[in-house]
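Student: with the sequence up front, the predicted model follows.
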Amino acid sequence: MLKLMKFLKASALTIVFVILLLILQANCDLALPTYTADIVNTGIMQHGIKSSVPSAIRKSELDKITMFMTKEEKDTTLQHFKLMKQGDYSEKEWSDYLKKYPILKNETQLYIWDGEEEDTVSKSIGVPVVITGLLEGDSDDSIKMKEQILSNLPKQITDQTTDIFKIFTMLPTKNVSQIVTAIREQFNSMPEMQITQAGVYYVNIEYKAIGVDVDGMQVSYVFIAGLKMLALAFVGMLAAILVAFLSARVAAKMGLDLRSKVFKRVLSFSNREMDQFSTASLITRSTNDIQQVQMMMVMLIKIVFYAPILAIGGIFKVLNTNTSMSWILIVGVGAIFVLIGTLLVIAMPKFKKMQTLIDRINLVTREILTGLPVIRAFSTVKQEEARFEKANVDLTKNTLFVNRSMAFMMPALMLIMNLITILILWVGADKVDTGNMQVGDMFAFIQYTMQIIMSFLFLTMLSIMLPRAIVAAGRIDEILVKNTTITDPTTEETLNENMKGVLEFRNVSFRYPNAEEDVLSDINFVAKPGETTAIIGSTGSGKSTLINLIPRFYDVTSGSILINGTDIKNVKQDTLRKKLGFVPQKGVLFTGTIESNIKFGAQDASDDVMNRAARIAQATEFIDSKTEGYDEHISQGGTNVSGGQKQRLSIARAIAKNPDIYVFDDSFSALDFKTDVALRKSLKEEIADSTIIIVAQRISTIMNAEQILVLDEGRIVSKGTHKELLQNCEVYQQIAASQLSKEELANE
């Protein structure tokens with residue numbers, strides 16, 4: 001898989017931009033639970049009051065609070081609270097304060113906080129505010145506390161008044177300090193969060209007393225926080241859309257490059273490499289395998305970068321929210337890993353087997369469809385149906401197993417997530433009840449936990465999908481790294497144009513890869529311009545193999561093949577093949593028209609050249625009979641023309657190229673005798689200056705050749721003209737005896 005990452009180099013800047021977008025998206029997603037907690041905690045539970053330190057407080061209340069402070073706390077607090085005087089402010093500033101604190105209209109003394117050192121002031125004012133609030137309240141706890149204080153005071157003082165604050169002003173400072181110390185000791189074990197919440201409750205009452213619009217403050221806070229959440233959600237949505245768009249483009253670009261590279265690589269393969277990969281497998285690798293890698297690349301870009309950012313950010317947020325419940329997160333992630341690990345062990349082999357099974361069904365389908373006429377002729381339809389059914393059932397069973405595993409995984413994961421949510425609510429509710437956690441923090445903890453679990457879920461799901469993509473990537477890489485046995489020379493030699501069309505085999509031997517014996521041994525002959533060199537021999541004698549060595553479909557094992565005196569290994573394949581007009585044993589046509597097929601090797605050929613090639617190949621008659629003539633459509637593989645017509649168009653295609661050397665690999669076998677004779681006569685007249693090499697089964701096709709090579713078991717057992725071979729070559733005599741009558745042999 002890493003080897004294929006090199007195809008992402010062209011999209012490096014886009015990937016960097018995508019990573020930045022994913023960081024932005026993750027930050028937006030991670031910020032939303034915080035705002036949810038703020039809305040619940042501050043907006044709803046605290047009526048929009050953010051701090052337990054009042055921004056403004058009456059002098060009478062501040063005096064009460066300072067009674068329960070130590071000297072250091074009192075100094076710290078008074079340092080940050082300033083008594084408001086109209087003369088210290090401009091008319092506009094004072095007018096604004098009057099609107100904010102209507103109690104100033106009654107000339108009530110009011111202290112205003114300077115907003116500095118909130119944490120320090122909050123700690124100094126926290127416990128005293130709680131005590132003051134309790135002593136001013138009428139709850140059961142307040143009444144109980146007042147009774148406890150009054151019971152410890154002299155009766156002559158409590159008879160005068162039951163106002164605790166007035167009593168403190170009547171008592172000596174020493175006695176007040178003792179009482180305050182005793183009261184404060186009761187709050188030393190009180191959780192900080194409870195102190196803060198009690199302080200906020202006191203601030204709420206104080207704000208109402210000085211005329212602050214607390215309800216408006218609450219609505220404003222919730223509205224602003226909601227707008228921020230909407231903005232974050234919108235930005236996150238835009239980032240997600242851009243990420244999806246760009247990652248799809250990057251993956252598509254990679255798929256485009258891979259298909260192009262694989263296709264070009266396959267085109268560079270010699271027959272040896274093509275024999276190692278089946279056609280069905282090459283098609284699967286070029287389509288389905290690349291599609292698997294492309295789909296996985298989209299997931300990799302979107303998840304591999306995003307999930308870790310979200311998980312790490314979520315863990316950081318959880319630790320800041322409430323570390324005492326972090327163990328729940330560990331339990332949830334551990335349960336997911338156990339589930340996914342189990343599924344990986346069970347399903348992984350099936351994922352790896354998937355591509356091989358797809359290869360198999362493609363191979364069987366292609367063989368059956370290609371060989372359908374033969375299958376019908378031999379009445380083996382039922383057997384082939386059974387063969388296809390086995391491949392189909394194997395793939396279906398494998399796919400069903402994988403899909404069922406995935407189907408089981410999703411409900412199991414949802415069950416784990418729901419159980420984790422219940423556990424958080426169970427534990428969190430107890431902490432809320434004891435004052436160690438706020439409701440909003442519990443909601444935020446649930447959301448962060450779900451984000452973290454989902455991050456690990458994404459990664460584990462990716463790890464399940466990854467094996468199939470890795471197998472596909474490996475199969476693609478096999479093609480890309482496959483070394484071709486036939487390569488162009490580093491330095492190309494120039495062909496001698498003074499020897500135009502001279503072909504020489506010099507001590508040539510050839511052995512197929514991994515074969516034990518040579519197919520061809522010690523082949524020596526020279527084919528000259530203006531002459532026809534024919535090759536004949538029994539089936540399996542090596543005729544087609546010899547022909548395939550000329551265009552370097554295979555390379556010789558030993559010896560050399562020379563064109564114009566130059567070893568063909570020392571010229572580029574393109575240069576070599578431009579000199580050849582090759583007509584294969586089986587006529588191959590391409591989807592298009594008759595014209596496009598004739599001009600296939602010479603795109604810039606004129607219509608006169610095309611007409612001449614068709615005339616020489618004896619194809620004019622059937623072309624003129626077509627409704628569209630040269631514009632007649634040719635279907636895939638030339639299935640809408642006969643075998644003989646296909647052969648003639650293949651020959652016309654080679655002639656239109658006007659090469660130096662013509663190679664006909666048993667190309668006249670589908671022609672009737674009349675057309676065969678007319679074609680050979682036309683070739684002799686029209687391309688007399690070229691070198692012609694003909695592989696044939698029929699002696700009648702090669703009787704007039706200037707040179708006939710007789711092959712037997714990979715060796716040239718004799719060479720000469722037709723008459724010479726009839727006299728001195730036993731193999732040729734046997735072939736002639738099997739094809740010619742006694743009268744014809746006698747005449748010869």
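Tutor: That came through, no problem.

Student: buried stuff in stretch 465-478?
Tutor: 465-473, 475-477 (16 or more other Cβ atoms under 10 Å). In short, each C-beta sits where N, CA and C put it, glycine included.

Student: what's in contact with stretch 313-320?
Tutor: Stretch 313-320 has contacts (Cβ atoms under 8 Å, 6 or more residues apart in numbering) with 26-27, 30, 33-34, 326, 329, 444-445, 448-449, 451-452, 455.

Student: just the buried ones from those?
Tutor: If we count by 16+ other Cβ under 10 Å, these have these buried: 26-27, 30, 33-34, 329, 444-445, 448-449, 451-452, 455.

Student: now for those residues, which pair is the farthest apart?
Tutor: Pairwise distances across the buried ones among the contacts of stretch 313-320 peak at 20.1 Å for 27 and 329 (criterion: Cβ to Cβ).

Student: among the buried ones among the contacts of stretch 313-320, which are in strands?
Tutor: Under the assignment DSSP state E, the buried ones among the contacts of stretch 313-320 contribute nothing to strands.

Student: tell me which of those fall in helices.
Tutor: Among the buried ones among the contacts of stretch 313-320, DSSP state H puts 26-27, 30, 33-34, 329, 444-445, 448-449, 451-452, 455 in helices.

Student: break down the stretch 501-650 of the chain into its strands, ranges please.
Tutor: Counting by DSSP state E, counting those that start in this stretch, the stretch 501-650 of the chain has strands at residues 503-510, 520-527, 532-537, 558-563, 566-567, 580-583, 592-593, 633-634.

Student: quick check: which of those is nearest to residue 260?
Tutor: From the strands of the stretch 501-650 of the chain, taking Cβ to Cβ, the stretch that ends up closest is strand 592-593, at 22.1 Å.

Student: strands paired with the closest one, and their directions?
Tutor: Partner strands for strand 592-593, per DSSP bridges, with pairing direction: strand 633-634 (antiparallel).

Student: residues contacting the strand or helix carrying residue 291, please?
Tutor: Take DSSP states H and E as the rule and residue 291 turns out to sit in helix 290-299. Contacts to helix 290-299, defined as Cβ under 8 Å, 6+ apart, come from residues 4, 8, 247-248, 250-252, 254-255, 258-259, 262, 355, 462, 465-466, 468-469, 472-473, 476.

Student: can you rerun that using 6 Å?
Tutor: By Cβ atoms under 6 Å, 6 or more residues apart in numbering, the residues outside helix 290-299 that reach it are 247-248, 251, 254-255, 258-259, 462, 468-469, 472-473.

Student: residue 646 and residue 585 touch, don't they?
Tutor: No: using Cβ atoms under 6 Å, residue 646 is not in contact with residue 585, being 11.8 Å away.

Student: neighbour count for these two, which is higher?
Tutor: residue 646 (21 against 17; other Cβ atoms under 10 Å).

Student: skip the chain neighbours and tell me the closest residue to the more buried one.
Tutor: residue 587 (3.8 Å; Cβ to Cβ, 6 or more residues apart in numbering).

Student: the one you found touches residue 649, doesn't it?
Tutor: No: with contacts defined as Cβ under 6 Å, residue 587 does not count as touching residue 649, sitting 7.0 Å away.
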